[in-house]
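Here is my input; please provide its structure:
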Amino acid sequence: MINTSTTSLTIAEAHQLLRQKSISPTELVSFYLDHIEKVEPKVKAWVTILKERALEKAKVLENRMKDATELPSLFAIPFGAKDIIYTKGIPTEGGSQVLKGFIPEYDATVIKMLNRSGAILLGKTTTTEFANWGSPPETRNPWNLSHTPGGSSSGSAAALASGMALMTLGTQTAGSLSRPAAYNGLTILKATYGRISKHGIIPASWSLDHVGAFTKTVEDTVIVYNELSGPDEADSSTWTLPKQKLRLQVEKEYKIGIVVDDYFENTSTEISMACEEAVKQLKKIGYSITYVQLPYSLKAANAAQHMVMKAETANYHADQYTVDSSRYGGYLQQFIREGLDIKANDYLKAQKIRSVFRDELSDVFKHVDLLLTPATPTVAPEGILATGSPAYNLPFTNAGVPTLTLPIGMSGELPIGMQLIAAPLQEQKLVDVGYLLQQQTDWHLKTPSMNR
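Residues are numbered from 1 along each chain as shown. This next block holds a predicted model:
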């Protein structure tokens, strides 16, 4: 039987319990469904809860376990999915009246992969309208219900932090994975652009969008990434390289560049201090530390990102917007209008500027293995009418390089997050450093009071 006094279980721990037959899939799923009933009225992280469907799948998996000699790593693991990710036969409304009642006829690739592994979908989580700026959902931060959980992957982060699932899927176009992870004390790997398929996911901006999974630990992050990553014929933006399997290992021969740049001058004192303490821990582990600055083209690249996102958002929504713009929220209406006014030549110039920034960032990685920055300027802001600033995540999303966000401290009752950045396809380096850091600290083990 699962210990119902705690919601701190990890994927790795749950898998071990299932393998030992110490718990059954039905017991595991029932525990999380019961916890959803308890805390969801406060957190408001879900738009759809699939109680009967989840229990039915759990029973099917129990029958499959009888003759199984080994279980897939995500077998019977309860998860949630952001409501822009297609789920066959299940409403996918993207936080917008435009898609009210829309039910996809097929699953997104990431959902197919999780279904094959035996993971159990508990429901769909809240998002800002079409994962864009504006129109935040009513979702609350489980650490302090008067604060934002971040966005646009608001519900996914809040659901995991409040113990309502073992893993949740989200997306990022600027900072919608990294920022909510930092605000909610979670761990997340935003992989290299194109390492995880976007097929079947409503785009915010196709050349900027990334898919990722909120987890509690680096170990869990590795488990999920190994299931989701790899080429996909249905998504031409995915890398055609063989599937990359990350591993947990002891590797200390890295040089980490601490970013000292005016761009991060708005970092709060408590976050700066927490990052300094994390750097001390990394030095104790044995990593070499140096100091670097970001490329000169950063400012221009950020402006280019905004232009590209507007243009690609407008392109996706143009037909529906022309038919009936009133069904969109006010902010997104303006965003689409501005995007429709962008000329093709200006869009192409913006993409070229992004390319220049990528190249210059690659030059930085000739001198260091990883970069280190705060994940956010402040802890989760008070109020739920905005989702906080993605400024510290946006440059690296723009460049399409992998990042790992993990908790490194607390400011009162709110978590503090740090961001590690690597060159394209160097996810293993992020995992190596993050894993050893979590062996030396316990910030990732802390949970909101509602979970205790």
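
Mind listing residues that contact stretch 20-33?
Applying C-beta atoms under 8 Å, 6 or more residues apart in numbering, the contact partners of stretch 20-33 are 1-2, 4, 14, 17-18, 49, 51, 54-55, 57-59, 61-62, 65, 75-76, 78, 120, 122, 163-166. Quick note: C-beta positions are derived from backbone N, CA and C, even for glycine.

hang on, I meant stretch 289-306
Counting contacts by C-beta under 8 Å, 6+ apart, the residues outside stretch 289-306 that touch it are 174, 208, 255-261, 263, 279, 282-283, 349-351, 353-354, 356-357, 360-361, 363-364, 367-368, 371, 394-395, 397-399.

Distance from the chain centre to the longest helix along the chain, please.
Using DSSP state H, we find that the single longest helix of the chain is helix 298-323. On the basis of C-alpha atoms, centre = their mean, to the nearest Å, helix 298-323 sits 21 Å off its chain's mean C-alpha point.

go on, stretch 213-228?
Centroid separation between stretch 213-228 and its chain, computed with C-alpha atoms, centre = their mean, is 11 Å.

start at 766 instead
Yep, numbering from 766; the last one is stretch 978-993 now.

Tell me how many other residues crowd Asp1000.
Number of residues near Asp1000 (other C-beta atoms under 10 Å) recorded here: 18.

So it: helix, strand or coil?
Asp1000 falls in the coil class when you classify it by DSSP: H, G, I helix; E, B strand; the rest coil.

Give the full set of residues in contact with it.
874, 959, 962-964.

for this structure, what are the low-confidence residue spans?
Low-confidence segments of the chain, defined by pLDDT under 70: 766-771.

could you measure the residue nearest the centre of it against Lys1020, distance?
Taking C-alpha atoms, centre = their mean, the centroid of the chain lies closest to Leu942, which sits 3.2 Å from it. Applying C-beta to C-beta, to the nearest Å, the value for Leu942 to Lys1020 is 26 Å.

Out of the contacts of stretch 785-798, list just those in helices.
Secondary structure defined by DSSP H assigns 779, 782-783, 816, 819-820, 822-824, 826-827, 830 of these to helices.

Just confirm Gly1182 is within a helix.
No: with three-state DSSP as the criterion, Gly1182 is assigned strand and is not in a helix.

Report the beta-bridge partner residues of it.
When bridges are assigned using DSSP bridges, the partners listed for Gly1182 are Pro1172.

How about Ala978?
Leu934.

In three-state terms, label Gly1022 for me.
If you use three-state DSSP, then Gly1022 falls in the strand class.

hang on, isn't it packed against Lys1131?
No: the pair Gly1022 and Lys1131 does not pass the contact test of C-beta atoms under 8 Å, sitting 11.0 Å apart.

more neighbours, these two?
Neighbours per residue (other C-beta under 10 Å) separate Gly1022 from Lys1131, with Gly1022 holding more: 22 against 7.

separation between Lys847 and Lys889?
7 Å.

out of the two, which sits in the more crowded spot?
Neighbours per residue (other C-beta under 10 Å) separate Lys847 from Lys889, with Lys847 holding more: 31 against 26.

Please list all residues in contact with the more buried one.
For Lys847, the contacting residues are 889-890, 892, 896, 917-918, 920-921, 933-936, by C-beta under 8 Å, 6+ apart.

in the sheet, who's paired with it?
In this structure, Lys847 has the following beta-bridge partners (DSSP bridges): Thr890.

Contact partners for Met932?
Met932 makes contact with 776, 839, 842, 844-845, 884, 925, 978-980, 985, 989, according to C-beta under 8 Å, 6+ apart.

what's the spacing between it and Ile953?
Counting by C-beta to C-beta, the gap from Met932 to Ile953 is 10 Å.

go on, Lys1211?
For Lys1211, the distance to Ile953 equals 16 Å [C-beta to C-beta].

For the chain, which segments count as strands?
If you assign secondary structure with DSSP state E, the strands in the chain sit at 811-814, 843-847, 885-890, 932-937, 952-955, 975-980, 1020-1024, 1053-1057, 1135-1139, 1168-1176, 1179-1187.

Give me the buried positions along stretch 945-960.
For stretch 945-960, the neighbour count (16 or more other C-beta atoms under 10 Å) marks 945-960 as buried.

Revised request: answer the last question for stretch 879-893.
879-880, 882-893.

first to last residue in that stretch, what's the distance?
The first and final residues of stretch 879-893 sit 24 Å from each other (C-alpha to C-alpha, to the nearest Å).

quick revisit: can you work out which residues contact both of Met932 and Ile953?
Overlap between the neighbourhoods of Met932 and Ile953 consists of 978-980, taking contacts as C-beta under 8 Å, 6+ apart.

Highest neighbour count among those?
Neighbour counts for those peak at Phe979, which has 32 neighbours (criterion: other C-beta under 10 Å).

okay, which residue of this structure is out on the far edge from center?
Outermost residue of the chain with respect to the C-alpha centroid, by C-alpha atoms, centre = their mean, is Asp832; its distance is 35.1 Å.

Rebuild the contacts of Lys847 as a markdown table, extending it with distance to Arg1012.
Shown next, in a markdown table, are the contacts of Lys847 (distance: C-beta to C-beta, whole Å):
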| residue | distance to Arg1012 |
| --- | --- |
| Lys889 | 32 |
| Thr890 | 29 |
| Thr892 | 32 |
| Ala896 | 31 |
| Ser917 | 31 |
| Ser918 | 27 |
| Gly920 | 31 |
| Ser921 | 26 |
| Thr933 | 23 |
| Leu934 | 22 |
| Gly935 | 24 |
| Thr936 | 26 |
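
out of these, who has the most neighbours?
Highest count within the contacts of Lys847 by other C-beta under 10 Å belongs to Ser921, 40 neighbours.

Count the neighbours of Gly899 for me.
Other residues near Gly899 number 20, with proximity taken as other C-beta under 10 Å.

do Ala1039 as well
Ala1039, neighbours per other C-beta under 10 Å, totals 23.

so it touches Pro1172, yeah?
No: Ala1039 is not in contact with Pro1172 according to C-beta under 8 Å; the separation is 9.2 Å.

quick one: common contacting residues for the two?
Residues touching both Ala1039 and Pro1172 by C-beta under 8 Å, 6+ apart: 1181, 1183.

tell me the phi and psi of the nearest residue in space to Lys1017 that is not next to it in sequence?
Nearest residue to Lys1017 in three dimensions, chain neighbours excluded: Gly1051, at 4.0 Å (C-beta to C-beta, 6 or more residues apart in numbering). As for Gly1051, its main-chain torsions (degrees, to the nearest 10) stand at phi 130, psi 0.
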